[in-house]
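> Model the structure of this input:
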Amino acid sequence: MRKFLVILGLLLGILSLAQEKPMIVVYQMEMVELSEETVLKLGLKEGNFEKDTVEEKIFGVVYDPKLMELLLKMPLTTLKIDLGKSSRKEKKVSKPWIATVPGKEASLLVGRERLSTTAGIRNSSGIKISVMPLNIEKDGSILTKVSLTDLSGSSLLKTQVQVPLNEFVPVSIVSVENKQNTLGWTGGVEKEKRYFAFFIKASLVKELWI
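Predicted coordinates:
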C-alpha cells in the first residue's frame, strides 16, 4: 500500500510539473512594402520623418493610431495584390517568426547585407524587432511589448500591442530611405523612400517542433 502511495505521489508530481510548464508563444510577422497608391492614400508623404545621419540607409517608424485603424480596414491580401502592380524586382514581403514564453523577450533582425564589389566593403542595414509576451488574456489574445531598434541600438518604437491568435494586426509603418551617389558630373545624392507595413499575429503551442 505504501509503495502504491509513493508511485501515485510521483505521478501526481510529474503531472503537476507538466501543468506548470508555460505555453510557448509563436509570433509570425509580415513586413509588406506598401504600393505608391497605398502610401498616398495613407498620407505618408505629407509627414516629415527625416533624420540627420551619415548612414547610407535611414530607418524610421511611423506610428499613429489613426494610421493603424486605416491599415486594419485594408486587408493584408489587398496590400499584397497592390504589390503585384509594382515594377520593382526586389522581394516585397518578409515573413519572419520567433518563439518565446511569457515574461521572456526574444529578438530577431530583419535586414540585408550588401557587398560593394569595387571597395570590397559589406554594408549592413536593418531593424531589430523584440517581442515579449506580458499576459495571455481570457480570449486567447496576448498583450505584447514590441520594441524596434536600428543596428546602432537607437530606439525607433516601444509600444504594447494586443495580439490576437491567428489574425494579423498592424504594429507600425517602417520607412526606409535609400541614399545613392549619382555618377553624374554634379556628384549629387539620389534619395528614395520606401514604406513597409509591419503586421504581427500569434499562436500558442505546448511544444515547439522545428
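> Quick check: longest strand in this protein by residues?
The longest strand of the chain (DSSP state E) is strand 189-205.
> any idea of the mean pLDDT in that strand?
Confidence over strand 189-205 (mean pLDDT, whole number) is 83.
> One more: stretch 158-166?
Mean predicted confidence for stretch 158-166 is 92.
> now swap in stretch 38-45 and tell me
Mean per-residue pLDDT for stretch 38-45: 80.
> Which parts of that stretch count as buried, going by neighbours?
Buried residues in stretch 38-45, counted by 16 or more other CB atoms under 10 Å: Thr38, Val39, Leu42, Leu44. Bear in mind the C-beta positions are built from the backbone N, C-alpha and C, glycine included.
> Tell me the spatial nearest neighbour of the last one, not counting adjacent residues.
I take that to be Leu44. Of all residues not flanking Leu44 in the chain, Tyr195 sits nearest, at 5.6 Å (CB to CB, 6 or more residues apart in numbering).
> Now do the contacts for the one you found.
Residues in contact with Tyr195 (CB atoms under 8 Å, 6 or more residues apart in numbering) are Glu33, Leu34, Val39, Leu44, Val62, Ile173, Val174, Ser175, Val176.
> Run through the bridge partners of Leu165.
Ala202 (DSSP bridges).
> again with Asn135
As for beta bridges, Asn135 partners with Leu143 under DSSP bridges.
> Run a quick neighbour tally on it.
By the criterion of other CB atoms under 10 Å, Asn135 has 12 neighbours.
> Is it correct that it is in contact with Gly103?
No: the criterion here is CB atoms under 8 Å, and Asn135 misses it with Gly103 at 9.4 Å.
> Look up how far Val163 lies from the residue nearest to Phe168 when sequence neighbours are not counted.
Distance criterion CB to CB, 6+ apart; nearest residue to Phe168, sequence neighbours excluded, is Phe199 at 4.2 Å. Separation of Phe199 from Val163 (CB to CB, to the nearest Å): 10 Å.
> Identify the contacts common to those two.
The overlap between the contact sets of Phe199 and Val163 (CB under 8 Å, 6+ apart) consists of Val169.
> Show me what Met29 is bridged to.
Ile200.
> Ala197 is in contact with that one, correct?
No: using CB under 8 Å as the test, Met29 is too far from Ala197 to be in contact (10.8 Å).
> Between the two, point out the one with more neighbours.
Each of Met29 and Ala197 has its neighbours counted (other CB under 10 Å); Ala197 has more, 24 against 20.
> Work out for me the element the nearest residue to that one once chain neighbours are set aside sits within.
Using CB to CB, 6+ apart and skipping residues adjacent in sequence, the residue nearest Ala197 is Val32, 4.9 Å away. Per DSSP states H and E: Val32 is located in strand 24-33.
> Enumerate the positions of that strand that are buried.
By 16+ other CB under 10 Å, the buried positions in strand 24-33 come out as Ile24, Val25, Tyr27, Gln28, Met29, Glu30, Met31, Val32, Glu33.
> Sweet, I'm off.
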